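A.B. asks: Let's see this in three dimensions:
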Amino acid sequence: MLHLEFQSRAAYYTIDGQLYSMPFNSSTPLLYYNVDAFKEAGLDPATPPKNFDEILEMSEKLTVKGDDGKVVRYGFGMGNYGWVFEQWMGKMGLHYVDNGNGREAPATQVVFDENGGAAAVFNVWKKLMDEGVITYLGRGNNDAKAAFISGDIAITLESTAALKSLLTNVGDSFEIGTGYFPNIHPDDVGGVSIGGGSLWALNSGNEAKEKASWEFIKYMISPEVQAFWNAQTGYFPITVATHELDAFKANLEQYPQFGTAIEQLHATGPDFVGSLLSVFPEARSLVETYTERVINGELSVDAAVENLAREINSAIEIYNLTN
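C.D. replies: Below is the predicted model:
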């Protein structure tokens, strides 16, 4: 019973037909929204926004101002998080780096400057700020999560891994809805890739340790452990066998929001498995730096794209030369 669910997650960790590590805590980004706020604004809570045109349109209705004219609740807010930049490349059906997104051979340079992907993302950030429906919530995602929990923003973007935490912290304050990670453009036909992590076993030459490692991996991906991990976090199970367990079914019945990430992944084709890049930690930090500079008006979108590409390319070149 591993085939369907496992293959969709294993693809990210597979090169030339070889699985390099075992998926464990897998996730995709989601759109989270305040169902109560949607109802108050006259919006259909069963129809969350699918792209940023719709986010802007809905945010105008969701934004609330006090008697003094100050914003009490913004319609939308998200953290400046480098990982979602990669996700938007996939949603636009574009590559992040060359050589088949780093899967046919090690990447030598980014291509998001040539294919228009980076400019599209930066322009969305700029438009959101210019329209006044978003407040900058810093790097990473902690401030955005806190703002969503407190009701200061009505829509946010976050990993499915945060689902249980958000449900627990919001409690009865309002109902949380979940939707697919939004497109940049209404006609985008791409998809999301998985995030999270995987389990690796080293060829140490110690047979006893290698056998013990394999037993540990089998335990961690067992249906029972996967069901528990899913219910306590939001990371989705890697095997369809987990879906047959009463514990998984009971959690999904109580919290149907847990099904959104799984449905989203199944709706994503294998062409959008995601990129491989040796310097992702540095690249993500640079993405956040240049996003911030666009938001603050320090750089134009074109200048930010040019500088971002140059700095990541330099990091790739250094890595390739020394490894």
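
A.B. asks: Might you list the low-confidence residue ranges for the protein?
C.D. replies: 1-9 (pLDDT under 70).

A.B. asks: Got the phi and psi for T178?
C.D. replies: phi -130, psi 140 (degrees, to the nearest 10).

A.B. asks: likewise F24?
C.D. replies: For F24, the backbone dihedrals are phi -130, psi -70 (criterion: degrees, to the nearest 10).

A.B. asks: From L199, how far off is it?
C.D. replies: F24 sits 5 Å away from L199, going by CB to CB, to the nearest Å. (Glycine included, C-beta is placed from N, CA and C.)

A.B. asks: Can you check which residues contact both of those two?
C.D. replies: 220-221 (CB atoms under 8 Å, 6 or more residues apart in numbering).

A.B. asks: Tell me the first helix or strand C-terminal of the helix or strand containing P281.
C.D. replies: Applying DSSP states H and E as the criterion places P281 in helix 280-295. Next in sequence after helix 280-295, counting helices and strands by DSSP H and E, comes helix 301-322.

A.B. asks: helices or strands next to that next one in the packing?
C.D. replies: Packing contacts for helix 301-322, counted by 3 or more CB pairs under 8 Å, 6 or more residues apart in numbering; DSSP states H and E, involve helix 117-131, helix 280-295.

A.B. asks: Let's have those in TSV, adding distance to D53 and mean neighbour count.
C.D. replies: Converted to TSV, the helices and strands packed on helix 301-322 look like this (distance: least, CB to CB, whole Å; neighbours: other CB atoms under 10 Å):
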stretch	distance to D53	mean neighbour count
helix 117-131	10	19
helix 280-295	20	19
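
A.B. asks: Distance to T108 for the ones you listed - can I get that in TSV?
C.D. replies: Shown next, in TSV, are those (distance: least, CB to CB, whole Å):
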stretch	distance to T108
helix 117-131	17
helix 280-295	14
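
A.B. asks: Could you look up the SS state of the residue nearest to I149 when sequence neighbours are not counted?
C.D. replies: Sequence neighbours aside, N169 is the residue nearest to I149 in space, at 4.7 Å (criterion: CB to CB, 6 or more residues apart in numbering). Three-state call for N169 (DSSP: H, G, I helix; E, B strand; the rest coil): helix.

A.B. asks: What separation is there between N169 and D16?
C.D. replies: Between N169 and D16 the computed distance is 43 Å (CB to CB).

A.B. asks: Quick check: the gap between S278 and N323.
C.D. replies: Separation of S278 from N323 (CB to CB): 7 Å.

A.B. asks: Just want to know which of these two has more residues nearby.
C.D. replies: Neighbour tally, S278 and N323, criterion other CB atoms under 10 Å: the higher count belongs to S278, 17 against 7.

A.B. asks: Just give the nearest non-adjacent residue to that one, would you?
C.D. replies: In space, S278 comes closest to Y319 once its chain neighbours are excluded; the distance is 4.8 Å by CB to CB, 6+ apart.

A.B. asks: give me the number of residues near the one you found?
C.D. replies: Other residues near Y319 come to 15 when the count uses other CB under 10 Å.

A.B. asks: now the one 3 residues further on
C.D. replies: Burial measure for T322: 6 neighbouring residues, criterion other CB under 10 Å.

A.B. asks: quick one, what contacts it?
C.D. replies: So T322 contacts nothing (CB under 8 Å, 6+ apart).

A.B. asks: Using CSV, list the CA coordinates for the helix holding P281.
C.D. replies: In CSV, the C-alpha atoms belonging to helix 280-295 read as follows (Å, rounded to 0.1, in the frame of the first residue of the first chain):
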residue,chain,number,x,y,z
PHE,A,280,19.5,26.6,-0.8
PRO,A,281,20.1,27.9,2.8
GLU,A,282,22.1,30.9,1.5
ALA,A,283,19.8,31.4,-1.5
ARG,A,284,16.7,31.5,0.7
SER,A,285,18.4,34.1,2.9
LEU,A,286,19.2,36.2,-0.1
VAL,A,287,15.7,36.0,-1.4
GLU,A,288,14.4,37.3,1.9
THR,A,289,17.0,40.1,1.8
TYR,A,290,16.0,41.3,-1.6
THR,A,291,12.3,40.9,-1.0
GLU,A,292,12.8,43.2,2.0
ARG,A,293,14.6,45.7,-0.1
VAL,A,294,11.9,45.8,-2.7
ILE,A,295,9.2,46.2,0.1
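
A.B. asks: Which elements pack onto it?
C.D. replies: Checking 3+ CB pairs under 8 Å, 6+ apart, helix 280-295 ends up next to helix 82-91, helix 117-131, helix 301-322.

A.B. asks: I would like the residues contacting it, please.
C.D. replies: Outside of helix 280-295, the residues within contact range by CB under 8 Å, 6+ apart are 80-83, 85-86, 121-122, 125-126, 129, 136, 139, 277, 299-301, 304-305, 307-308, 311-312, 315.

A.B. asks: 7 Å instead, please
C.D. replies: The contact list for helix 280-295, computed with CB atoms under 7 Å, 6 or more residues apart in numbering, reads 80, 82-83, 85, 122, 125-126, 129, 136, 139, 277, 299, 301, 304, 307-308, 311-312, 315.
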